[in-house]
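**Q** Would you be able to build a 3D model of this:
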Amino acid sequence: MKQLKYSAVAIALISTLAACGGSGSDDTTPPPTDDKFEFAATEMITNLTDDVIISGYSTLAIKGEEMFLASQTLVANKTQANLLAAQEAWKAARQPWEQGESHIFGPVDSLGIDPHLDSWPLNTTDLKTVLTNNSGFSADTIKGWNDDVQGFHTMEYLLFGDGVVDNQKDVADLSMSEAEYLMGLSEVFRDYTKTLDDSWLISHDGQTGKAYGELVKNPGTADNTFYASQVGVIQELVNGMIGIVDEVGNGKIADPFGTSAATADTSKVESQYSWNSLTDFSDNIIGVRNVYQGELTGASDKQGIIDFVKAGDEALALRVSSEIDDAIIKIQAIKGSNNMPFRQAIADAEGRGRIQTAVDALSKLQASLESDVVPLLNKWKV
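**A** Numbers count the residues shown, from 1 in each chain. Take a look at the predicted model:
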C-alpha cells in the first residue's frame, strides 16, 4: 500500500513540474538517488554484547545465587520474614531474565536454558505428585524431571500460593516438603543461570567452543559459523526485539485477554501466582529499550540500535524510541489507580480498555520495527 501511495505522489509531482515548465530542459525525469547510508557498527555491537547482554546475564547469575541462599535460609528457619525475603529474591531474579527476553538467541536457546528456567504453564498436577512421592530433592534428580515442574513458575507457586485471592502466602502454609523442593529448584536454577553467563563469557557450548560474546563481536572470521557479517548480528538483535514485542502483545497479553470479558482466561496469565505479570510485560519492553538505547536503565549512554537507525533515518530513530517508551507506559497503566493485577484486569471493563490501549501501542511499535527498521539493513553500506 505504501509503495502505491508513494508512486502516485511521485507521478503527480512529475506531472506538475512538466506542466509548469522548467529550466528549459525537456528531461523531466528526476536523477537517481542513492538512499544508502554508512554506519560503523563495531562499537555498537561490542557495547550491546558486553554492557547489555552479558551484563544482564551476569546480573541474573548473581540473583540466581541469591535466590538459592534465600531458599536455604528459609528451609533452615521457616519464618514469615524469611519467606518474604525469598519472594523478593524471586522477583529480583525475574527482572534481568524478563528484560533479557529481548535477545533470546544463542546459548539460551541452543543449550535449552529457556525452557529449563521459564516453562509455562506450570503442571500443578505433576507438581503435587512430585511433592507427595519424593523427599530430599537433590539438584541432580530435579534436573531429570520435566521442565514444567522446574524453573521460575514452580518456585513462584511454592513461594506465593495459587494467586487466586491474593499473592500473600503465610509461612504456615508452606510445608517442609515444599520448602525443601524450593531449595532444590533454586539450586538447579542457580546452576543454569551460571551456565548461561559462562556461555557468553567462556564457551558457548561448555566445552571447546568460543565464548558466544566473542562470536557476536567478531562476525565473519574463519572459525565463526554463527555470524558471517555484522549485518547478521544486527538482524539478530532487531529480530529479537520484534520477537518479544510480538510475544507480549499477541501472546502474553492477548491469550488470556480473549475476545471479551466472558472469554478471558486467567489460567493463561503468566506469573499469575505472584501477581507479577504486568511487571514481567513491562520488563520485556524495557529490555527492548535496553537494546535500542544501548544501555541498561540508568547506565551511561553508549551506542545502541538507535544509532544504527539514526544513521539511516533520524526521524524514524526518534519515533521508534518514543513508541518504545509509550508501550512501556501503557503496559504499566493497565493496573489503574487501584493497582489491579493483570489477572483481574482482563475481566474488568475499564481494565480491558487499558489493556487494549497497551496492545495497540505494542502493535504500533512492532509495525515500525518490521516495516521501517528492518528495511534499513538493505540500505546499509557495509
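
**Q** show me where the stretch 1-150 of the chain has strands.
**A** Using DSSP state E, counting those that start in this stretch, the strands of the stretch 1-150 of the chain run over residues 37-38.

**Q** Okay, now the unreliable bits of it?
**A** Applying pLDDT under 70 to the stretch 1-150 of the chain flags residues 1-33.

**Q** Could you give the number of residues near the nearest residue to Asn47 once chain neighbours are set aside?
**A** Spatially, and ignoring its direct neighbours in sequence, Asn47 is nearest to Lys302 (4.5 Å; C-beta to C-beta, 6 or more residues apart in numbering). The way it works is simple: take the backbone N, C-alpha and C, and place the C-beta from them, glycine included. By the criterion of other C-beta atoms under 10 Å, Lys302 has 17 neighbours.

**Q** who touches Lys302 in this structure?
**A** Under the criterion of C-beta atoms under 8 Å, 6 or more residues apart in numbering, the neighbours of Lys302 are Glu43, Asn47, Asp51, Gly294, Glu295.

**Q** Ok, Tyr181 next?
**A** Contacts for Tyr181 (C-beta under 8 Å, 6+ apart) come out as Val130, Leu131, Asn134, Phe137, Ile142, Leu158.

**Q** Contact partners for the nearest residue in space to His204 that is not next to it in sequence?
**A** Leaving aside its chain neighbours, His204 sits nearest to Tyr212 (3.9 Å; criterion: C-beta to C-beta, 6+ apart). Taking C-beta under 8 Å, 6+ apart, we find Tyr212 in contact with Gly106, Pro107, Ser199, Trp200, His204, Phe226.

**Q** From Asn77, how far out is Ala70?
**A** In this view, Ala70 and Asn77 are 11 Å apart by C-beta to C-beta, to the nearest Å.

**Q** So those two - more neighbours on which side?
**A** Higher neighbour count among Ala70 and Asn77: Ala70, with 25 against 9, using other C-beta under 10 Å.

**Q** neighbours of Lys36, just the number please.
**A** When counting by other C-beta under 10 Å, one arrives at 11 neighbours for Lys36.

**Q** just checking, it touches Leu377?
**A** No - counting by C-beta atoms under 8 Å, Lys36 stays clear of Leu377, with 11.5 Å between them.

**Q** Need the residues that contact the strand or helix carrying Ser368.
**A** In the assignment (DSSP states H and E), Ser368 maps to helix 349-368. Helix 349-368 has contacts (C-beta under 8 Å, 6+ apart) with 242, 245-246, 248-249, 253-254, 257, 261, 264, 281, 285, 316, 319-320, 323-324, 326-327, 330-331, 333-334, 336, 340, 342, 344-346.

**Q** Also stretch 267-277?
**A** Residues contacting stretch 267-277 (C-beta under 8 Å, 6+ apart): 87, 90-91, 94, 120-121, 152-153, 156-157, 159-163, 166-167, 252, 255-256, 266, 279-280, 341-343, 346.

**Q** Regarding the protein, what is its longest helix?
**A** As assigned by DSSP state H, the longest helix anywhere in the chain is helix 176-201.

**Q** avg pLDDT for that helix?
**A** For helix 176-201, mean pLDDT rounds to 97.

**Q** roughly how far apart are the residue positioned nearest the centre of the chain and Leu117?
**A** Centroid-nearest residue in the chain, with C-alpha atoms, centre = their mean: Glu101, separated by 2.6 Å. Going from Glu101 to Leu117 by C-beta to C-beta gives 11 Å.

**Q** Give the closest residue to Gly243 in space, chain neighbours not counted.
**A** Spatial nearest neighbour of Gly243, chain neighbours left out: Ile104 (7.1 Å); criterion: C-beta to C-beta, 6+ apart.

**Q** wait, the one you found sits on Gly240?
**A** Yes - here Ile104 reaches Gly240: they are 6.4 Å apart, a contact under C-beta under 8 Å.

**Q** So which of these two has more stuff around it?
**A** Shown here are Ile104 and Gly240; by other C-beta under 10 Å, Gly240 has more neighbours (21 against 16).

**Q** Packing partners of the helix or strand containing that one?
**A** In this structure, Gly240 sits in helix 230-247 according to DSSP H and E. Helix 230-247 sits against helix 42-47, helix 277-293, helix 305-312, helix 349-368, helix 376-379, with contacts defined as 3 or more C-beta pairs under 8 Å, 6 or more residues apart in numbering; DSSP states H and E.

**Q** Tell me the helix or strand right after that helix.
**A** Per DSSP H and E, the first helix or strand lying C-terminal to helix 230-247 is helix 254-257.

**Q** relative to helix 305-312, how tilted is the helix holding Gly240?
**A** Inter-element angle recorded for helix 230-247 and helix 305-312: 120 degrees (by axes from the mean of the first three to the mean of the last three C-alpha atoms, to 10 degrees).

**Q** For helix 230-247, buried residues please.
**A** For helix 230-247, burial by neighbour count (16 or more other C-beta atoms under 10 Å) applies to 230-234, 236-238, 240-247.

**Q** got the angle for it vs helix 349-368?
**A** Helix 230-247 and helix 349-368 meet at an angle of 160 degrees, taking the same axes, to 10 degrees as the criterion.

**Q** quick one: contacts of stretch 320-334?
**A** 245, 248, 278, 281-282, 285-286, 288-289, 292-293, 306, 309, 340, 342, 345, 351, 354-355, 357-358, 360-362, 364-365, 368-369, 372-373.

**Q** which ones are touching Leu237?
**A** Contacts for Leu237 (C-beta under 8 Å, 6+ apart) come out as Leu48, His103, Val291, Ile305.

**Q** Quick check: it vs Thr297, distance?
**A** Remark: distance between Leu237 and Thr297 (C-beta to C-beta) = 18 Å.

**Q** Kindly report the same for Gln150.
**A** Separation of Gln150 from Thr297 (C-beta to C-beta) stands at 29 Å.

**Q** Counting neighbours, go ahead and name the busier of the two.
**A** Gln150 (24 against 11).
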